[in-house]
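Peer 1: coordinates for the following, if possible.
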Amino acid sequence: LRSATMGRECWDCERYLDRGCYSNNQWRKGDGGSRCRDCINGSYYRCNECHRTFRTANERNMHMQTHRPRNVACPVCGDQRFKSGANAVQHVESGFCRGCRGQENARNQIYEFAKRQGVMHHYMDIPQLTYGDYDDGGVPDFPYHCPQCSVSFRQLSQLLQHQDQKHNNHRMLTY
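Peer 2: Next up, the predicted model:
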């Protein structure tokens, strides 16, 4: 049995905390109305869906993916079971998509698909041919990059996930 003089549950974050975690003003509000210093100062980030609390905005943003519907389809096989475009592309890149077997085959197909999408050109390092050069048809080691922060990626799914989580760009690539 918990004693009200020892501590109480914060109205915002629902953590049971000692008296010292509350200002005098908040403590006087009593059970059911007191907010801890962390919540008042914005030190905790709350999920609006399930009300869990997180220490950083990034942790909360990562958690928010669990609440997304599985309504994104694979661009190759059409399976509609993914929560984001990054998840669907990751499925193809794995080499287990029934429409594009094998990791290297999938990597090549995704690269060629992305090259054909005009919106993708500023996210890609596409080799430019110059006199005397030739294109060997392979995929560069790190063909994708983030124009906002200049980070390079080997897989398109990594870029999509980065854009989603770091720059809040959920619909970078539509197919």
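Peer 1: drop to CA atoms for contacts and neighbour counts, all remaining ones
Peer 2: Fine.
Peer 1: pLDDT weak spots in this protein?
Peer 2: Within the chain, the ranges that satisfy pLDDT under 70 run 1-5, 127-137, 171-175.
Peer 1: what about the strands in it?
Peer 2: Applying DSSP state E to the chain gives strands spanning 7-9, 16-18, 45-46, 53-54, 72-73, 80-82, 144-145, 152-153.
Peer 1: my read: residue 45 touches residue 55, true?
Peer 2: Yes. Judged on C-alpha atoms under 8 Å, residue 45 makes contact with residue 55 at a distance of 6.2 Å.
Peer 1: neighbour count: these two, which is higher?
Peer 2: residue 45 (21 against 13; other C-alpha atoms under 10 Å).
Peer 1: so that one bridges to which residues?
Peer 2: Residue 45 has the following beta-bridge partners by DSSP bridges: residue 54.
Peer 1: for it, which residues are in contact?
Peer 2: Going by C-alpha atoms under 8 Å, 6 or more residues apart in numbering, residue 45 touches 53-57, 60.
Peer 1: ok, now residue 58?
Peer 2: Contacts of residue 58 (C-alpha under 8 Å, 6+ apart): residue 165.
Peer 1: now do it against residue 168, distance only.
Peer 2: According to C-alpha to C-alpha, to the nearest Å, residue 58 and residue 168 sit 11 Å apart.
Peer 1: quick one: list the elements packing against the helix ranked longest in the chain.
Peer 2: Longest helix in the chain, counting residues (DSSP state H): helix 103-116. In terms of contacts (3 or more C-alpha pairs under 8 Å, 6 or more residues apart in numbering; DSSP states H and E), helix 103-116 is packed against helix 85-93.
Peer 1: check which helices and strands the helix it packs on sits against.
Peer 2: Here helix 85-93 touches strand 72-73, helix 103-116, helix 156-167, going by 3+ C-alpha pairs under 8 Å, 6+ apart.
Peer 1: for the last one, what is the distance to the chain centroid?
Peer 2: For helix 156-167, the separation from the chain centroid amounts to 7 Å (computed by C-alpha atoms, centre = their mean, to the nearest Å).
Peer 1: circling back to that earlier point, so which of the helices and strands packed on helix 85-93 comes closest to residue 125?
Peer 2: Set against residue 125 and scored by C-alpha to C-alpha, the helices and strands packed on helix 85-93 come closest in helix 103-116, at 9.6 Å.
Peer 1: which of the residues in that closest one are buried?
Peer 2: 106-111, 114-115 (16 or more other C-alpha atoms under 10 Å).
Peer 1: run the chain-centre distance for that helix.
Peer 2: Distance, stretch centre to chain centre, for helix 103-116: 22 Å (C-alpha atoms, centre = their mean).
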